[in-house]
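1. model this:
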Amino acid sequence: MTRLTLRHYIFVALSVFVLFLPGRASLPPLDRDEPRYMEATAQMLHSGNYVDVRFLDQPRYLQPAGIYWLEAAAVRLTGMQDQHATWPYRIPSLLAVTVAAVLTAWIGAALFGPTCGLLAAALLAVSVLMTAEGRMATIDTTLLLSVLLAQCGLLRAYLDRERDLATPLAAALLYWVALGCGLMLKGPVVLIPGFGTPLALALVERRIDWWHRLRPAWGWLVMLAIVLPWCIAIGVISHGDFFSRAVGRNFLGKVASGQETHGLPPGYHLGVFAIAFWPGSIFAAMSLPFIWAQRFQPHVRYLLCWIVPHWLVFEAIATKLPHYVLPTYPAIAILTAAAIVSFPTNWEWPRALWARGLLAAYGLVWFTVGSVLAFAGPVLLWRMEGIVSWAAMLIPAGALPLLVMAGYMILHRDMLRAVMAAVAAAVIIHVGLFVTVIPQLHTIWLSPRLAGLVAAHRPCAQTIVASTSDSEPSLVFLLGQDTRLVNAAAAADFLQQNQKCGMALVGAQDLAAFGARALHDGLDVHELGQEQGLNYSTGKHLEIGLYAVVSPSGP
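-> Here you go, the predicted model:
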């Protein structure tokens, strides 16, 4: 095989699409970020206001409206705007992760050959972080796609310089349009890899003569033309409040201090890499000598200039979450795949004893992570639900032998077969978890069960629910934008004002205050049902009852 053909790219796209389908419809909204995006999109569709994004009655000024437009388009095209189904909102992330894998294959093949391209796409697609982000209706996989599209345009100009060829106008347009779309998705974040890569190359190579191939004289106008109309509109509507919140508080605030308890020291992303990029993490570690030896080669240098600036920026800022460095994962996957392809002739065990020991320890961590992931499903079902699931036991039964085989092949320097076995093990684990395990973890899916309880006892078509103990965004999305998140006394007052159609969800810890206020308001309230479960966002076990006012004709 000398190059990847259209059939290869279709095969990659279909494989990744099918891999990421399980769990997309059966998985409830995942607190807390995903249902915030979903509910804000639902309210956008309901109100028809596509400029001012809101969650309940509060503005959601964290990033531009691009992701909400994508999700709104998906929901409207499926005709599900009046439903509370999760899967339509997850369509953009499904398409984004599919195209991201295809583009990774294209870049890998362009730089190091077809085998490298296919292997890089596989490593990216089965990584733990990509598996999680690619199934949620959040922003990160669509941002990754924008970064990859920009890198494709940038790489074309870079390679054309190496081959002394003219760079087509389409490559320049792709670069600037991708940056503009990235700005509409998550603001200035896209500029870190978008401008960081050429700046790093300029510093390393001490030349930037190829930059003019991307038509920067007018390209920046194309980028601004995409984002500027919405910026003007939201600036007028919010009287500038969007920019003070999104840029001043959300973006710059994360640089100075850890937001939402996510403040962590430098080195965090490197520390979680063993898990986030699993199963490729051990192969990435083994690739370091190859990368170091080849660091002056133009193709390796390009990828390092893609990775290093972005990685250093997000290690330096105070707020840290694993997905912040996701835009570097395609480049890491390509470098890892390139090293694996060359291992039969170029790779040797480190000569230094300390290096061998460090690599062996990392390999042990890698195998432990895989074993934990393999056994996580049946163990969770047994501990949380009291279920011994033979279907879930197929996960470790299928994955562990492949992991052992991968370890054996690593020891015998058969790296290509080792990575193929590891990828197969990851596919079994990921698909098994989302098909046989996660849908059965009823204990943690409290909001869907509460929404079902409300639906079973709803007295009116337009019933509004007040909730005291469960204020998670998933509950708001499942019950609708009129849901009231209030304290116990306010919930009783709400029922007093809405005796015919109102309902209240009250937790055991709020029941005394709720009952006292209901008595003060002269209400006779009745419990219609109760649900218990674990709020996995806080780790608290909750007992929540559904209450309504008793009347002579019923609640």
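2. what distance separates stretch 12-25 from the centre of its chain?
-> The gap between the average C-alpha position of stretch 12-25 and the chain average comes to 15 Å, counting by Cα atoms, centre = their mean, to the nearest Å.
3. Ends of it, what's the gap?
-> Its first and final residues considered, stretch 12-25 spans 22 Å by Cα to Cα, to the nearest Å.
4. Show me which residues of that stretch are buried.
-> The neighbour-count criterion (16 or more other Cβ atoms under 10 Å) identifies Val12, Ala13, Ser15, Val16, Leu19, Phe20, Pro22, Gly23, Arg24 as the buried residues of stretch 12-25. Where you see a C-beta, it was placed from the backbone N, CA and C, and this is true even at glycine.
5. Which one of these is nearest to Phe367?
-> Top of the list for closeness to Phe367, among the buried residues of stretch 12-25 and by Cβ to Cβ, is Leu19 at 22.7 Å.
6. The stretch 201-350 of the chain: helices as residue ranges?
-> When assigned using DSSP state H, counting those that start in this stretch, the helices of the stretch 201-350 of the chain occupy the ranges 216-238, 241-243, 252-256, 268-276, 281-286, 288-293, 298-316, 329-346.
7. hey, which helix is longest across the protein?
-> Criterion DSSP state H: the longest helix present in the chain is helix 353-380.
8. C-terminal to it, which secondary structure element comes first?
-> Scanning forward in sequence from helix 353-380 by DSSP states H and E, the next helix or strand is helix 390-411.
9. Grab the nearest non-local neighbour of the residue nearest the centre of the chain.
-> The centre of the chain sits closest to Glu133, judged by Cα atoms, centre = their mean, with a distance of 2.4 Å. If you skip the residues right next to it in sequence, Glu133 has Asp140 as its closest partner in space, 4.7 Å away by Cβ to Cβ, 6 or more residues apart in numbering.
10. For Thr142, see how far away the closest residue to Ala74 other than its chain neighbours is.
-> Taking Cβ to Cβ, 6+ apart, and ignoring the residues beside it in sequence, Ala74 has Ile91 as its nearest neighbour in space, at 3.9 Å. Shown here: Ile91 relative to Thr142, a distance of 11 Å by Cβ to Cβ, to the nearest Å.
11. repeat for Ala178
-> With the distance defined as Cβ to Cβ, Ala178 ends up 11 Å from Thr142.
12. Check Thr131 too.
-> Following Cβ to Cβ, the distance that separates Thr131 from Thr142 is 16 Å.
13. So between these two, which is more surrounded?
-> Taking other Cβ atoms under 10 Å, Thr131 and Thr142 do not tie; Thr142 has more neighbours (27 against 22).
14. Can you give me the pLDDT of the nearest residue to that one once chain neighbours are set aside?
-> The spatial neighbour of Thr142 that comes closest, neighbours along the chain excluded (Cβ to Cβ, 6+ apart), is Ala96 at 4.6 Å. For Ala96, the pLDDT comes out at 98.
15. counting contacts, what elements does the helix or strand harbouring Ala96 pack onto?
-> When secondary structure is defined by DSSP H and E, Ala96 falls within helix 91-112. In terms of contact count using 3 or more Cβ pairs under 8 Å, 6 or more residues apart in numbering; DSSP states H and E, helix 91-112 is assigned the packing partners helix 6-19, helix 66-78, helix 114-126, helix 128-133, helix 140-163, helix 298-316, helix 329-346.
16. let's go with 7 Å and repeat that
-> Here helix 91-112 is seen to pack against helix 6-19, helix 66-78, helix 114-126, helix 140-163, helix 329-346 when contacts are counted using 3 or more Cβ pairs under 7 Å, 6 or more residues apart in numbering; DSSP states H and E.
17. Quick one: closest of those helices to Ser447.
-> Comparing the helices and strands packed on helix 91-112 against Ser447 with Cβ to Cβ, the closest turns out to be helix 66-78 (19.1 Å).
18. Off-centre distance for the closest one?
-> 17 Å.
19. by how many degrees do that helix and helix 216-238 diverge?
-> 80 degrees (axes from the mean of the first three to the mean of the last three Cα atoms, to 10 degrees).
20. Contacts made by helix 66-78 with the rest, please.
-> Counting contacts by Cβ atoms under 7 Å, 6 or more residues apart in numbering, the residues outside helix 66-78 that touch it are 37, 40-41, 44-45, 50, 53, 81, 88-89, 91-92, 137, 139, 142, 181, 184-185.
21. so Phe343 makes contact with Met415?
-> Yes - with contact defined as Cβ atoms under 7 Å, Phe343 reaches Met415; the gap is 4.0 Å.
22. okay, and the common contacts of the two?
-> Overlap between the neighbourhoods of Phe343 and Met415 is empty, taking contacts as Cβ under 7 Å, 6+ apart.
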